[in-house]
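Enquirer: Provided below for reference: sequence and predicted model.
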Amino acid sequence: MQVNSIRNKKLEGFFILSIMLFFIASIPTSKAIMNLLSAFSLFMLIGYMVRHKYNAYRGFLTSFFVVYLFFSGVAFLFHESIDDFYLFLIKNSFLVVIPVLSIFFVDDDNLDKALGVFVLFCFISAAKSIYDYVSVGGGSIRVTGFLDYSRHLNALLLGYCIAITYICRERKHVFFMTLVLSTITVSVIASGTRGAWLAFFMTVFFMTLCYFRSLMPKLILLTALVIISFLVIQPDALSYFFHRIQSISNIETDGSNMSRISMWHGGFLYLWHVLDYSPMKFFFGSGMHSTANEYFSFLDSLPSALQASFKLDGSYLGGTDFHSAILDLSIKSGVVYSVFIMLSLVSIFLFCLFGKFRGSNSAIIVSSYFVGLFSMMPFYSLLQDYSAFTVAFAVSIILSRYLRQRA
């Protein structure tokens with residue numbers, strides 16, 4: 001009887017571990033699977049935690065569930081549509097994924113497996129984007145892997161940080177990790193995404209300055225070789241990429257920059273408007289589903305000349321996405337929630353830099369990733385999107401070290 005009990009417990013543990021790793025693999029590769037598993041794995045993992053881990057981590061688990069339920073309740077009470085509540089539950093479920101993953105990662109073996117799986121599937125996603133780039137002829141074509149630009153590049157950023165740390169600190173799988181770094185670098189270049197270029201530059205600069213100064217010459221050489229090889233294979237891309245770099249500061253004629261500024265301007269005007277006329281929406285948000293209609297109605301109320309500045313080809317810009325993480329979060333879910341999320345992320349970043357685990361592999365990975373994440377936030381809505389699962393994965397890495405020390 002006791003043997004069967006032990007065997008069943010091992011099978012259950014293996015099954016739960018497999019679900020967790022499958023979920024980690026889906027983060028850089030599949031929005032559909034991530035969406036499915038974020039619900040399915042959540043129920044399975046929570047059930048497992050309650051049965052086997054709840055007593056040991058009661059306060060930790062409960063605190064995240066309370067936060068999730070509180071802000072979900074705010075969405076239910078203050079947002080106009082039931083769809084707002086439904087979307088909030090789905091797109092903010094990362095709040096309850098964090099404690100579950102953190103507890104699993106207390107086991108070093110589980111954490112190593114998760115990091116390895118994530119890097120492997122980042123490599124696959126990056127390789128797929130390069131294949132797409134080459135197969136369509138390269139040049140000025142912009143490509144990503146299995147996801148759209150922000151999600152793809154956000155995941156690759158974390159994979160890049162993990163790979164460098166493996167090479168420099170663990171001295172493990174050096175050839176494969178170097179291949180991963182090279183493939184991710186090419187994928188980021190091929191994406192043509194200026195926000196990602198900035199994020200990767202800031203991350204590499206931070207890592208080499210703060211942690212791996214001896215790595216800088218090798219990293220510069222590797223990056224130069226990758227870029228030169230890329231341009232030899234795709235010589236037509238050179239002028240396009242230089243144009244993309246030069247256009248970063250162009251706010252007068254570059255269509256992408258002008259559209260973003262228009263969305264930011266409209267978003268801030270809308271926030272100011274609801275602060276005056278509907279303070280509850282300012283503090284608690286207009287809802288993830290209802291925001292677009294309310295935003296468009298606000299723009300319709302403006303003078304015709306001002307309306308035109310928020311349109312492109314006759315349609316309003318923004319509404320569903322304001323292309324700024326903090327602005328998008330504040331408008332849809334409220335300034336209170338936005339401040340809570342941002343303070344939490346900044347606190348974790350500072351904990352990595354100055355806390356008890358500063359200088360550890362986990363702190364290096366997460367702090368370096370956060371530098372790039374903060375650099376991308378002004379340009380992409382990353383915090384109530386499937387990209388948030390990448391952020392949740394990073395947060396759980398460092399929190400697991402905290403829990404392990406407490407155990």
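Expert: Good, I have the coordinates. Residues are numbered from 1 along each chain as shown.

Enquirer: which SSE is residue 131 in?
Expert: helix 108-135 (DSSP states H and E).

Enquirer: buried ones in that helix?
Expert: Across helix 108-135, burial judged by 16 or more other C-beta atoms under 10 Å covers 110-111, 113-130, 133. No exception for glycine: its C-beta is placed from N, CA and C like everyone else's.

Enquirer: ok, now stretch 248-261?
Expert: Buried residues in stretch 248-261, counted by 16+ other C-beta under 10 Å: 254, 257-258, 260.

Enquirer: make TSV out of these and add pLDDT.
Expert: What follows is those, written out as TSV (pLDDT from 0 to 100):
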residue	pLDDT
254	77
257	85
258	87
260	91
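
Enquirer: just these: which are in helices?
Expert: Among these, the members falling in helices are 257-258, 260 (criterion: DSSP state H).

Enquirer: how about these in JSON lines, adding distance to residue 358?
Expert: Formatted as JSON lines, those follow (distance: C-beta to C-beta, whole Å):
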{"residue": "257", "distance to residue 358": "37"}
{"residue": "258", "distance to residue 358": "42"}
{"residue": "260", "distance to residue 358": "35"}
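
Enquirer: and which of those is nearest residue 55?
Expert: Closest approach to residue 55 among these (C-beta to C-beta): residue 260, at 49.0 Å.

Enquirer: and that closest one, how far is that from residue 379?
Expert: Applying C-beta to C-beta, to the nearest Å, the value for residue 260 to residue 379 is 7 Å.

Enquirer: shaky segments in the stretch 201-350 of the chain?
Expert: Residue ranges of the stretch 201-350 of the chain with pLDDT under 70: 234, 236-238.

Enquirer: what segments of the stretch 201-350 of the chain are helices?
Expert: 216-233, 237-246, 255-277, 279-284, 291-300, 304-308, 325-333, 335-354 (DSSP state H, counting those that start in this stretch).

Enquirer: in CSV: those helices, plus distance to residue 94.
Expert: CSV is the format used below for the helices of the stretch 201-350 of the chain (distance: least, C-beta to C-beta, whole Å):
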stretch, distance to residue 94
helix 216-233, 31
helix 237-246, 31
helix 255-277, 23
helix 279-284, 19
helix 291-300, 20
helix 304-308, 36
helix 325-333, 13
helix 335-354, 10
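
Enquirer: winner for burial among these?
Expert: Across the helices of the stretch 201-350 of the chain, averaging neighbours per residue (mean count of other C-beta atoms under 10 Å) puts helix 325-333 on top, at a mean of 26.

Enquirer: against residue 318, how distant is the residue nearest to residue 320 when sequence neighbours are not counted?
Expert: Leaving aside its chain neighbours, residue 320 sits nearest to residue 292 (4.9 Å; criterion: C-beta to C-beta, 6 or more residues apart in numbering). Counting by C-beta to C-beta, the gap from residue 292 to residue 318 is 8 Å.

Enquirer: and the closest residue to residue 294 other than its chain neighbours, backbone torsions?
Expert: Closest residue in space to residue 294, ignoring its immediate chain neighbours: residue 286 at 5.1 Å, by C-beta to C-beta, 6+ apart. Backbone torsions of residue 286, given as degrees, to the nearest 10, read phi -100, psi -10.

Enquirer: do I have it right that residue 286 meets residue 329?
Expert: No: using C-beta atoms under 8 Å, residue 286 makes no contact with residue 329, being 11.7 Å away.

Enquirer: can you tell me the helix or strand for the residue nearest to residue 123 when sequence neighbours are not counted?
Expert: Spatial nearest neighbour of residue 123, chain neighbours left out: residue 180 (4.7 Å); criterion: C-beta to C-beta, 6+ apart. Taking DSSP H and E as the definition, residue 180 sits inside helix 174-191.

Enquirer: which outside residues touch that helix?
Expert: Contact with helix 174-191 is made by 119, 122-123, 125-127, 129-130, 133, 138, 142-145, 149, 152-153, 156, 159-160, 163-164, 166-167, 196-197, 200, 222-223, 226-227, 230, 241, as judged by C-beta atoms under 8 Å, 6 or more residues apart in numbering.

Enquirer: distance from the chain centre to that helix, please.
Expert: Mean C-alpha position of helix 174-191 versus that of the full chain (C-alpha atoms, centre = their mean, to the nearest Å) differs by 19 Å.

Enquirer: now do stretch 384-404
Expert: 10 Å.

Enquirer: one more: stretch 216-235?
Expert: In this view, stretch 216-235 has its centroid 26 Å away from the chain centroid, taken as C-alpha atoms, centre = their mean.

Enquirer: and what of stretch 148-159?
Expert: Offset of stretch 148-159 from its chain centre (C-alpha atoms, centre = their mean): 7 Å.

Enquirer: pull out the buried positions in that stretch.
Expert: For stretch 148-159, burial by neighbour count (16+ other C-beta under 10 Å) applies to 149-159.

Enquirer: quick one: contacts for residue 304?
Expert: Per C-beta under 8 Å, 6+ apart, neighbours of residue 304: none.

Enquirer: now swap in the one 3 residues further on and tell me
Expert: By C-beta under 8 Å, 6+ apart, the contact list for residue 307 reads 299-300.

Enquirer: now do 7 Å
Expert: Residue 307 sits next to residue 299 when contact means C-beta atoms under 7 Å, 6 or more residues apart in numbering.
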